[in-house]
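> Okay, here's the prediction I keep looking at, along with the sequence it came from:
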Amino acid sequence: MKIVVIGGSGLIGSKLVQKLGEHGHDTVPASPNSGVNTLTGEGLAEALDGAQVVVDVSNSPSFADDAVLDFFRTSTGNLLDAEDKAGVGHHVALSVVGTERLAESGYFRAKIAQEQLIKESGQPFSIVQATQFFEFVGSIAQSATQGGIVRLPDARIQPMAADDVAAAVGRTAVGEPMNDTVEVAGPEQFGLDELIRTGLTFRGDSRKVVTDPQARYFGALLDKDMLLPGPGAQIAATRFADWLPLNPPPAE
């Protein structure tokens with residue numbers, strides 16, 4: 001099976017390409033670095049020639065409201081058009097658990113727009129909504145840092161390892177189109193503040209994490225369960241405490 005992975009050189013994409021390749025699939029990593037640009041359409045027709053499945057795990061280089069919305073609308077529209085012309089039979093996209101509840105955030109409004117384009121395209125699809133990755137501890141902390149203090153709410157979160165995200169997307173890619181959304185999540189719940197505090201402490205980061213119910217998460221005010229998956233979610237196995245020692249901070 002030929003599977004094209006858009007964003008194939010990124011965190012999830014590179015893991016996905018490796019996993020699918022190990023299972024004997026003809027997997028093509030596609031990104032601007034390999035001459036495939038979904039914003040301009042450059043290289044899309046060539047990359048999709050003969051493909052049965054396209055998996056989109058790409059992300060916007062900018063999280064500014066207008067830029068991220070333009071990225072997902074343009075990229076997804078170009079990709080769906082190219083897939084239609086190439087006769088691709090399954091479009092798989094990676095999204096985020098709770099996206100539809102986070103419209104206060106410009107980033108999540110862009111993800112909502114992406115999901116709507118896919119659902120309204122008429123093409124066979126599957127959307128995998130994952131919870132936040134363990135690997136995002138640093139970026140979440142950075143986005144919430146004000147004057148050296150990390151301010152985050154104690155909203156519940158059920159994060160997972162990027163390896164488990166890639167495995168879930170891979171399973172979906174080789175299956176039949178669901179024309180629906182599936183949620184995947186880690187095995188444990190944390191308070192968002194607790195998760196970041198634990199991750200920073202392990203990395204020797206001295207920033208203080210302050211619990212602030214009014215602190216925003218990428219622009220969105222969270223209620224207690226807004227980031228949690230529903231009861232039908234697929235649950236991955238990797239626990240945060242087991243993941244941390246295997247992923248030490250980079251040497252300075």
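Now that the structure is in, tell me what you want to look at.
> from here on, contacts and neighbour counts on C-alpha atoms
Noted.
> neighbours around L44, how many?
L44 has 23 neighbours, counted by other C-alpha atoms under 10 Å.
> so it sits right up against S34, yeah?
No. In this structure, L44 is not within contact of S34 by C-alpha atoms under 8 Å, at 10.8 Å.
> joint contacts of these two?
Between them, L44 and S34 share no contacting residue under C-alpha atoms under 8 Å, 6 or more residues apart in numbering.
> ends of stretch 134-145, how far apart?
18 Å (C-alpha to C-alpha, to the nearest Å).
> repeat for stretch 26-42
For stretch 26-42, the first-to-last residue distance is 21 Å (C-alpha to C-alpha).
> dump the residue contacts of the nearest residue to V88 once chain neighbours are set aside.
Once flanking residues are discounted, V88 sits nearest to Q52: 5.0 Å by C-alpha to C-alpha, 6 or more residues apart in numbering. By C-alpha under 8 Å, 6+ apart, the residues touching Q52 are 1-3, 87-90.
> Of the residues you listed, which belong to strands?
In strands, defined here by DSSP state E, the members of the contacts of Q52 are 2-3, 90.
> Same list (those residues) but as TSV, adding neighbour count.
Listed next are the ones in strands among the contacts of Q52 as TSV, based on neighbours: other C-alpha atoms under 10 Å:
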residue	neighbour count
K2	18
I3	26
H90	25
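> Using JSON lines, please lay out those together with distance to A130 and pLDDT.
Shown next, in JSON lines, are these (distance: C-alpha to C-alpha, whole Å; pLDDT from 0 to 100):
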{"residue": "K2", "distance to A130": "24", "pLDDT": "96"}
{"residue": "I3", "distance to A130": "20", "pLDDT": "97"}
{"residue": "H90", "distance to A130": "19", "pLDDT": "98"}
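> Let me have these in CSV, adding distance to A161 as columns.
Output for those, formatted as CSV (distance: C-alpha to C-alpha, whole Å):
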residue, distance to A161
K2, 26
I3, 23
H90, 25
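> Looking at those residues, which is nearest N78?
Taking C-alpha to C-alpha as the measure, N78 lies nearest H90 of those, at 15.4 Å.
> what about the closest one, distance to R151?
Plainly put, H90 is 41 Å away from R151 if you go by C-alpha to C-alpha.
> what do you get for A51?
In terms of C-alpha to C-alpha, A51 sits 45 Å off from R151.
> same thing with D223?
Distance from D223 to R151, by C-alpha to C-alpha: 15 Å.
> Over to D70?
D70 sits 29 Å away from R151, going by C-alpha to C-alpha.
> on that earlier part again, D223 and R151: which has the busier surroundings?
More neighbours surround R151 than the other of D223 and R151, with 23 against 14 (other C-alpha under 10 Å).
> can you pull the pLDDT of the closest residue to that one other than its chain neighbours?
Excluding its sequence neighbours, the residue lying closest to R151 (C-alpha to C-alpha, 6+ apart) is V210, at 4.9 Å. Reported pLDDT at V210 in the predicted model: 97.
> what's the distance between V210 and T201?
Using C-alpha to C-alpha, V210 is found at 13 Å from T201.
> Right, I'll leave it there.
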